[in-house]
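J.: Structure for the following, please:
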Amino acid sequence: MLSNLCSRRLIKALPASSTHLQGPFVPLTHLFSQESASSLSQIANFATKNKTAAGRTKTNNMPKSSKKKRSRADVAASAPYSAISAIANKNGGNRGRDSSSSSNLIAPNTNLGQHFLKNPAVVTAIVAKSAIKPTDVVLEIGPGTGNMTVPLLEQCKSLVAIEYDTRMVREVLKRVEGSTHDHKLRVIQGDAIKTAFPFFDVCVANVPYQISSPLVFKLLSHRPMFRCAVMMFQEEFALRLTAKPGEALYCRLSVNTQLLAKVDQLMKVGRNNFRPPPKVESRVVRIELRNPPPPVDFTEWDGMVRLLFNRKNKTLRAGLMVKATIKMLEENRRTHASLRGGDGADDMKDVDMERGIVEIIEEVVGKGSKWDGKRASKLDLDDFLTLLAEFNKRGVHFA
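T.: Numbering: from 1, shown residues only. Just a heads-up that it's a prediction; the model follows:
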């Protein structure tokens, strides 16, 4: 209080125009007596202590050399379970990991239709429904990372895997390497449609859906016959295999498959069981070839079924009364006649040749016939067999 009051009076006493003092600077405390200066210093010390007590000033009496900063290692060491983690790493904590965890790091190539089956419960169910015997040779198409290959090897005599992707070939071999079943495995790198199948008893496959149809027909024509094939398909494709006459999914695939094999629906597999998830649901089916096969020329059978199912909801007469179809049937008739030694190179005019085929079609499927008004979508296997026999008896062939 005293120092502030004295300072104010001294400043008022100075001239307003004198901004700089002439001569040497004289401290303010020298303007007072020795006793006044001592009182001023005591007041200043008291004010400084009060500020420190109120927390408005911060003092650091601790020397810098005595400070110790905590490093990241110290923080990690003091973290919970750090001792347990250190012991686990020292003893080889990764030793107990399944090799499937490393295989899942491989990115699937969706351009090849790869969708890895990641649910072990579904894998176990497929292997169980395959009914593998210890003496069986198994053909696996599209093993991928080997999630199904390993349990199949545990039950079969030997396994042949056909894989198109070279990355998956290396992954399957690496996964089985060093196990007790590595001598049972043989991997063929190539396209399953173009590769000749070896002998096998059971086929197990989780195949890309874009090759489902050609793969099924290749299996149906494979000789020697196998016991069964357990395969996963797109749900709509799997339902077509077992569709009945009159159903919306009944098609050429249904007729041809059911002619040569017995197909059973086994289980439905949701899209979330795959990585990455496909856009559609899936189904697992079992295909068992009919033994002995039906006594029919499959090439000619398929030729007739293809023509009729091009317009399956039209009548049989409307489906066959097409100019291109009539021309093809006449060429087939002349070819078969020449092979039998008949006069297949006669000089009949095109109109006469066309009329001959038309008359036969009218006789078989025209008005007043047994097949009048019939449609391919409503016929069963026996109907198609009878119809083919009617045409062959009149010299009309579809191949």
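J.: Could you chop this structure up by domain?
T.: 108-289, 298-393 (automatic domain parsing).
J.: could you list every residue that touches residue 308?
T.: Counting by C-beta atoms under 8 Å, 6 or more residues apart in numbering, residue 308 touches 316, 319-320, 376. Just so you know, the C-beta spots here come from the backbone N, C-alpha and C atoms, and that holds for glycine as well.
J.: quick one: residue 163 and residue 143 touch, right?
T.: Yes - at 5.6 Å, residue 163 counts as touching residue 143 under the criterion of C-beta atoms under 8 Å.
J.: Run through this protein and note the low-pLDDT ranges.
T.: 1-105, 109-111, 341-355 (pLDDT under 70).
J.: mind redoing it with 80?
T.: 1-114, 340-355 (pLDDT under 80).
J.: which residues in it form strands?
T.: Per DSSP state E, the chain carries strands over the ranges 116-117, 137-141, 158-163, 185-189, 202-206, 228-234, 261-269, 274-275, 282-289.
J.: Check which helices and strands the second one sits against.
T.: Read that as strand 137-141. Where contact means 3 or more C-beta pairs under 8 Å, 6 or more residues apart in numbering; DSSP states H and E, strand 137-141 is packed against helix 149-153, strand 158-163, strand 202-206.
J.: And the longest one, by the same measure?
T.: Applying 3+ C-beta pairs under 8 Å, 6+ apart, we find strand 261-269 packed against helix 120-130, helix 235-241, strand 282-289.
J.: As CSV, the ones you listed with mean neighbour count and distance to residue 310 would be great.
T.: Listed next are these as CSV, based on neighbours: other C-beta atoms under 10 Å; distance: least, C-beta to C-beta, whole Å:
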stretch, mean neighbour count, distance to residue 310
helix 120-130, 17, 36
helix 235-241, 19, 16
strand 282-289, 20, 25
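J.: mind putting those in a markdown table, distance to residue 149 included?
T.: Below are the helices and strands packed on strand 261-269 laid out as a markdown table (distance: least, C-beta to C-beta, whole Å):
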| stretch | distance to residue 149 |
| --- | --- |
| helix 120-130 | 10 |
| helix 235-241 | 22 |
| strand 282-289 | 17 |
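J.: among these, which is nearest residue 327?
T.: Set against residue 327 and scored by C-beta to C-beta, those come closest in helix 235-241, at 30.6 Å.
J.: outside of stretch 113-130, which residues touch it?
T.: Residues outside stretch 113-130 that contact it (C-beta under 8 Å, 6+ apart): 104, 108, 138, 144-145, 147-148, 151-152, 155, 165, 202, 204, 206, 208-211, 228, 230, 232, 266-267, 269, 273-278, 284, 286.
J.: quick revisit: most packed of the domains of the chain?
T.: Ranked by mean neighbour count, those are led by domain 108-289 with a mean of 17 (mean count of other C-beta atoms under 10 Å).
J.: Just the endpoints, please. Distance across it?
T.: End-to-end distance of domain 108-289 (C-alpha to C-alpha, to the nearest Å): 33 Å.
J.: and what of stretch 173-183?
T.: So stretch 173-183: terminal residues 11 Å apart, C-alpha to C-alpha.
J.: Kindly report the same for stretch 195-204.
T.: Taking C-alpha to C-alpha, stretch 195-204 runs 16 Å from one end to the other.
J.: about what we covered before: which among the domains of the chain is found nearest to residue 399?
T.: domain 298-393 (4.2 Å).
J.: related to what we said a few turns ago, distance to residue 368 added to the strands of the chain, as a markdown table?
T.: Below are the strands of the chain laid out as a markdown table (distance: least, C-beta to C-beta, whole Å):
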| stretch | distance to residue 368 |
| --- | --- |
| strand 116-117 | 56 |
| strand 137-141 | 50 |
| strand 158-163 | 53 |
| strand 185-189 | 57 |
| strand 202-206 | 48 |
| strand 228-234 | 43 |
| strand 261-269 | 37 |
| strand 274-275 | 55 |
| strand 282-289 | 40 |
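J.: So for residue 329, which of those sits nearest?
T.: With C-beta to C-beta as the criterion, residue 329 lies closest to strand 261-269 of those, at 28.7 Å.
J.: mind listing what that closest one pairs with, with the direction of each?
T.: Strands adjacent to strand 261-269 in the sheet, as given by DSSP bridges, are strand 282-289 (antiparallel).
J.: what does the partner strand rub up against?
T.: Counting by C-beta under 8 Å, 6+ apart, 125-126, 129, 216, 219-220, 225-235, 238-239, 241-242, 257, 260-271, 274 sit against strand 282-289.
J.: Quick one: residues contacting residue 281.
T.: So residue 281 contacts 234-235, 268-271 (C-beta under 8 Å, 6+ apart).
J.: Quick check on it: phi, psi?
T.: phi -80, psi 170 (degrees, to the nearest 10).
J.: any idea how far it is from residue 233?
T.: Distance from residue 281 to residue 233, counting by C-beta to C-beta, to the nearest Å: 10 Å.
J.: Name the residues contacting each of the two.
T.: Going by C-beta under 8 Å, 6+ apart, no residue sits against residue 281 while also sitting against residue 233.
J.: Not counting its neighbours along the chain, what's nearest residue 255?
T.: For residue 255, ignoring the flanking residues on the chain, the nearest one in space by C-beta to C-beta, 6 or more residues apart in numbering is residue 305 at 5.4 Å.
J.: doesn't residue 252 make contact with that neighbour?
T.: Yes - counting by C-beta under 8 Å, residue 305 touches residue 252, with 5.2 Å between them.
J.: about what we covered before: next, format the helices and strands packed on strand 137-141 as CSV and append distance to residue 195.
T.: Shown next, in CSV, are the helices and strands packed on strand 137-141 (distance: least, C-beta to C-beta, whole Å):
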stretch, distance to residue 195
helix 149-153, 17
strand 158-163, 6
strand 202-206, 13
